[in-house]
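# Got a predicted model here, sequence first, then my questions.
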Amino acid sequence: MGTLRFLNAGESHGPALTAIIEGLPSNLRISTEYINKELARRQSGYGRGGRMKIEKDKVEILSGLRFGYTLGSPLTLMIKNKDWENWTDVMSVEGNPVEKREVTNPRPGHADLSGGIKYGFSDLRNVLERASARETATRVAVGAVCKQLLEDIGIKIGSYVISIGNVSVESLIDDISLTDRFINAEQSEVRIPKPEMDDKFKEIIDKAKNDGESLGGVFEVFAVGVPVGLGSHVHWDRRLDGKIAQAMMSIQAIKGVEIGNGFKLSKVFGSEAHDEIFWDSNNGFYHKTNRAGGIEGGITNGEPIVVRAGMKPIPTLMKNKALKSVNIKTKEPFDAAKERSDVTAVPAAAVVGESMLAFVLAQAVVEKFGNDNWEEIKKRINDYRKYVKEF
């Protein structure tokens, strides 16, 4: 079978968002309820804007699934935009353009100006509708499908927020396991591993909102139960850490990615940077530390994969903090501002990060153990795990 891949489509205020996943094996159990729960997680989080009150995302599966099991053919996912009914004249597929809601004022920090120049648009709505983070709803749906594949072979993925603005829990969670960090984060309004600190985070978010500001932050995504040997060292584009970094950087507003201890490793001696190798008859080869974040030489080493991503503040600000820009037609300066926007979307971005990691890992599983039939693939994986333990 071919490589697992997906293509998504749709505009922020268009009729719907869609995604097609190609390369899924047959006989994989898929639950739409599972996907909808993941979509709800993306829409949650303290500091979200008014759009989340309009959209309550639900997936419809249009092809590739029969009685809950994949057919081996492309799986088509659709998420309708409820706000479409308010935009039918502006976002019409056919007919003549209307001046209503035409966008000629490019917003700093967005793709508006560069996209408009690249594609030759005089109405920047043609750019912002697709560049919008609304698109990540389909990524979460795709990720939810991939999570179900991974969980069936014992790979679990989770995330949690480390910091928002200058408020951080990084130094307070060393003694909490990755799994418990995730469990705790699911009980937190800002998805931090220490829910008892929610009020401190909400305070800085509320202050930013009152000041017309926005906030970025840092989140971590992890995967446990990952076998040794996913990815490869033999070509630059097959290195798994490179694929993960690209997937994370593709999320809107992400400006930095680390795997394992990342940049911290550049500040210590070699004797403090690497993970020593041990062996015993029960575990086979293992490490007592995980500074590499589960990947060495572009290949998984059996330890948890840990990825950290830094998100910039959302560039759409309120009137009193508006950024300077220039109209593309009149060339006159203006203040870029908007009344409805998120203050911070770091908790939601963490959920999107989970989905992108899930896709990359599912792709790597299919690549290494690929077959047309999921039941046959699972048998190969079980046999391989026995081989690894006895190596």
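Good, I have the coordinates.

# Which residues does stretch 371-378 contact?
Identification of contacts with stretch 371-378 by C-beta atoms under 8 Å, 6 or more residues apart in numbering yields 1, 25-28, 70, 72, 149, 152-153, 365-366, 369-370, 380. Just so you know, the C-beta spots here come from the backbone N, C-alpha and C atoms, and that holds for glycine as well.

# ok, of these, which come out buried?
Among the contacts of stretch 371-378, those buried by neighbour count (16 or more other C-beta atoms under 10 Å) are 1, 25-28, 70, 72, 149, 153, 365-366, 369-370.

# Inside strands: which ones of those?
Mapping the buried ones among the contacts of stretch 371-378 onto strands (DSSP state E) picks out residue 70.

# Looking at the buried ones among the contacts of stretch 371-378, which is nearest residue 141?
Proximity of the buried ones among the contacts of stretch 371-378 to residue 141 (C-beta to C-beta) peaks at residue 149, which lies at 13.7 Å.

# on that earlier part again, just give me the least confident of the buried ones among the contacts of stretch 371-378.
Within the buried ones among the contacts of stretch 371-378, residue 1 has the lowest pLDDT, namely 50.

# Strands of the stretch 201-350 of the chain, residue ranges please.
For the stretch 201-350 of the chain, applying DSSP state E, counting those that start in this stretch gives strands covering 217-224, 254-259, 277-280, 284-287, 295-296, 299-300, 305-311, 323-326, 333-336.

# Hmm, I typed the wrong one, I wanted the stretch 51-200 of the chain.
59-63, 65-66, 69-70, 75-80, 156-164, 167-168.

# For residue 342, which of these is the nearest?
Set against residue 342 and scored by C-beta to C-beta, the strands of the stretch 51-200 of the chain come closest in strand 156-164, at 11.9 Å.

# Could you point out which residue ranges in the stretch 251-391 of the chain have low pLDDT?
Along the stretch 251-391 of the chain, segments meeting pLDDT under 70 span 319-320, 337-340.

# what ranges do the helices span in it?
With DSSP state H, counting those that start in this stretch as the criterion, the stretch 251-391 of the chain has helices at 270-273, 346-369, 374-390.

# which one of the ones you listed is the most hemmed in?
By mean neighbour count, with neighbours taken as mean count of other C-beta atoms under 10 Å, helix 346-369 ranks first of those at a mean of 25.

# what angle sits between that one and strand 305-311?
Interaxial angle, helix 346-369 versus strand 305-311 (axes from the mean of the first three to the mean of the last three C-alpha atoms, to 10 degrees): 140 degrees.

# could you check the angle helix 374-390 makes with helix 346-369?
In terms of direction (the same axes, to 10 degrees), helix 346-369 departs from helix 374-390 by 90 degrees.

# ok, residue 334 - contacts?
105, 324, 325, 326, 327.

# what about 10 Å?
104, 105, 106, 322, 323, 324, 325, 326, 327 (C-beta atoms under 10 Å, 6 or more residues apart in numbering).

# which of these lies closest to residue 177?
Distances from residue 177 to those, taken by C-beta to C-beta, are shortest for residue 323, at 41.7 Å.

# Just give the number of residues close to the residue nearest to that closest one when sequence neighbours are not counted.
Counting by C-beta to C-beta, 6 or more residues apart in numbering, residue 323 lies nearest to residue 108, which is 4.4 Å off, once chain neighbours are set aside. With neighbours defined by other C-beta atoms under 10 Å, the count for residue 108 comes to 14.

# next one: phi and psi at residue 108?
Dihedral angles of residue 108 (phi, psi; degrees, to the nearest 10) stand at phi -60, psi 140.

# swap in residue 189?
phi -70, psi -20.

# Pick out the most distant pair among the buried ones among the contacts of stretch 371-378.
For the buried ones among the contacts of stretch 371-378, and using C-beta to C-beta, no pair is farther apart than 72 and 153, which are 17.9 Å apart.

# Name the nearest of the contacts of stretch 371-378 relative to residue 272.
Checking the contacts of stretch 371-378 against residue 272 by C-beta to C-beta gives residue 365 as the nearest, at 32.7 Å.

# want to try TSV for the helices of the stretch 251-391 of the chain, with distance to residue 295 as columns?
Below are those laid out as TSV (distance: least, C-beta to C-beta, whole Å):
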stretch	distance to residue 295
helix 270-273	14
helix 346-369	11
helix 374-390	16
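
# between the ones you listed, which one is nearest to residue 34?
Nearest to residue 34, of those and by C-beta to C-beta, is helix 346-369 at 12.0 Å.
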